[in-house]
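>>> Need coordinates for the following:
(2 chains)
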Amino acid sequence: KQEVTQIPAALSVPEGENLVLNCSFTDSAIYNLQWFRQDPGKGLTSLLLIQSSQREQTSGRLNASLDKSSGRSTLYIAASQPGDSATYLCAVTPPGNTGKLIFGQGTTLQVKP
Amino acid sequence: GAGVSQTPSNKVTEKGKYVELRCDPISGHTALYWYRQSLGQGPEFLIYFQGTGAADDSGLPNDRFFAVRPEGSVSTLKIQRTERGDSAVYLCASSLSGTGFGEQYFGPGTRLTVT
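Purely as a prediction, here's the structure:
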């Protein structure tokens, strides 16, 4: 059974710092991996999607990497800002024809001004 | 265009009552998903529709939970004889494709509280 773990559960950093969020998964057989952002009381916003054949994706100050063989992904946030404060979730799509997502528990990030 | 919408945004009900939660996906998206998110946890998959049919309902916790999508667009999640443990945020997502290669777009969720 696929399990997704995110470490740390919470993180607090000063504004301007570069940071890395970690995600690990137990079964390397995945179609893709997505990173989402969730603001309090809101739904999920997709940040980056990495297909299983890709190693990384970049969008602005965000860079996500995928090492399928070791079951790991990282989300790198450069020059963090208070507006980056949110919960970050990673999710994998297991093989099959459904596309359902299996999520980690999330990392709650606070960026202090 | 409009994103995924969910109604109501909040629902408070008494234990034992019946509730319906509605999801309106992005127009043209054939795949629709329901997830449930408990406090401090990531969302958990409940059910997946491809068109009008439930292609995977393996995440439904028990037979009190049922979902429909009669015309391949709007979906309704139905919960009978609600229990306090059903309290959670119910999220809906839609995608152009259900093959696993498409991005899912999430609605804002319905917060269900069972008293």
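>>> beta partners of the closest residue to chain B within chain A?
Going by Cβ to the nearest Cβ, chain B is nearest to residue A:103 of chain A, at 3.2 Å. C-beta here means a position set from N, CA and C on the backbone, and glycine is covered the same way. Under DSSP bridges, the beta-bridge partners of residue A:103 are residue A:91.
>>> roughly how far apart are it and residue A:96?
Using Cβ to Cβ, to the nearest Å, residue A:103 is found at 16 Å from residue A:96.
>>> Which of the two has more residues huddled nearby?
A direct count of neighbours by other Cβ atoms under 10 Å in any protein chain shown for residue A:103 and residue A:96 places residue A:103 higher, at 22 against 15.
>>> So that one sits against residue A:91, correct?
Yes. With contact defined as Cβ atoms under 8 Å, residue A:103 counts as touching residue A:91 (4.5 Å).
>>> Quickly list what's touching both of those two.
Common contacts of residue A:103 and residue A:91, defined by Cβ atoms under 8 Å, 6 or more residues apart in numbering or on different chains, comprise A:4, B:42-43.
>>> which other residues reach stretch B:11-24?
B:4-8, B:32, B:34, B:73-84, B:90, B:92, B:94, B:107, B:110-115.
>>> from those, which are also near chain A?
B:4, B:107, B:111 (Cβ under 8 Å from any Cβ of the partner chain).
>>> Could you pick out the buried ones from the residues you listed?
Applying 16 or more other Cβ atoms under 10 Å in any protein chain shown to these, the neighbour count classes B:4, B:107, B:111 as buried.
>>> between the ones next to chain A among the contacts of stretch B:11-24, which is nearest residue A:11?
residue B:111 (25.5 Å; Cβ to Cβ).
>>> In its sheet, which strands sit next to the helix or strand containing that closest one, and in what direction?
In this structure, residue B:111 is located in strand B:110-114 according to DSSP states H and E. Each strand paired with strand B:110-114, and its direction, by DSSP bridges: strand B:10-13 (parallel), strand B:88-95 (antiparallel).
>>> So what sits opposite residue B:65 in the bridge?
residue B:79.
>>> scratch that, residue A:20 is what I was asking about
Assigned bridge partners for residue A:20, using DSSP bridges, are residue A:76.
>>> That one contacts residue A:75, correct?
Yes. Residue A:20 lies in contact with residue A:75 (Cβ under 8 Å); the separation is 7.1 Å.
>>> Tell me which of the two has more neighbours.
It is residue A:75, of residue A:20 and residue A:75, that has more neighbours when counted by other Cβ under 10 Å, with 22 against 11.
>>> Tell me who's in contact with that one.
By Cβ under 8 Å, 6+ apart, the neighbours of residue A:75 are A:20-21, A:23, A:35, A:47-48, A:62-64, A:88, A:90.
>>> what's the burial count for residue B:109?
Neighbours of residue B:109 (other Cβ under 10 Å): 26.
>>> per-residue pLDDT, it?
For residue B:109, the model assigns a pLDDT of 96.
>>> And it, how far from chain A?
The spacing between residue B:109 and chain A, counted by Cβ to the nearest Cβ, to the nearest Å, is 5 Å.
>>> got the phi/psi numbers for that residue?
phi 90, psi 160 (degrees, to the nearest 10).
>>> For chain A, what lies in contact range of chain B?
Looking at chain B, the residues of chain A close enough under Cβ under 8 Å from any Cβ are A:4, A:6, A:31-32, A:34, A:36, A:41-46, A:49, A:51, A:89, A:91, A:93, A:95-106.
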